[in-house]
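Asker: 3D model of this:
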Amino acid sequence: MAEKYDDVLVPFVSLMRKELHANSRKGDRPGWLAMDANTALLEVYWHVAKLSAAVKNNDGPAIMEHSADVANMAMMVLDICGGLAWVEAEDATSVMREALHLIASTSNDPGAREEARQALEAAGSTVPPGVSGTPTADVLRSDADERNEP
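Answerer: You can find the predicted model right below:
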């Protein structure tokens, strides 16, 4: 069941995931957990500066990329500080299942849709084929089409 803000959260989480994978050559979770909190916070500032430049230049693709980078770095700070352990596992599972459902039905990335469908299937849930996208997903899809991206 869709919840309030899903129309913006789901595509944004998809951007975050895309950026995590794009930057995975820099190191995955063990790498960011090896950083101290102050270094991670400096990374947030650095990415905010890049986002600021992108906004100043009205560079849509860079705004998307750096917004996701800022969010990912904030998540890493929370993880380094132990804050992700504070999230109730049951709540996290429910939220993840809903997010996967929405990604599977709205993402403009066929690989992400398939990955989400498989994860939902493993969790005993499914997404009906042919579910239409949200307005936000449709806008992102049309922006990608304008840039000749898949």
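
Asker: Ala71: neighbouring residues, count only.
Answerer: Per other Cβ atoms under 10 Å, the neighbour tally for Ala71 reads 17. C-beta here means a position set from N, CA and C on the backbone, and glycine is covered the same way.

Asker: my guess is it contacts Phe12. True?
Answerer: Yes. Contact status for Ala71 versus Phe12: in contact at 7.1 Å, counting by Cβ atoms under 8 Å.

Asker: can you show me the helices along the chain?
Answerer: Assigned by DSSP state H, the chain shows helices spanning 6-22, 29-33, 37-56, 60-80, 89-106, 110-122, 135-146.

Asker: and these, which one averages the lowest pLDDT?
Answerer: Lowest mean pLDDT of those: helix 135-146, a mean of 39.

Asker: buried ones in stretch 42-53, by neighbour count?
Answerer: Glu43, Val44, His47, Val48, Leu51 (16 or more other Cβ atoms under 10 Å).

Asker: before we move on, what about stretch 77-88?
Answerer: Buried, per 16+ other Cβ under 10 Å, within stretch 77-88: Val77, Leu78, Asp79, Ile80.

Asker: any idea how far the third one is from Ala40?
Answerer: Read it as Asp79. Distance of Asp79 to Ala40, given as Cβ to Cβ, to the nearest Å: 9 Å.
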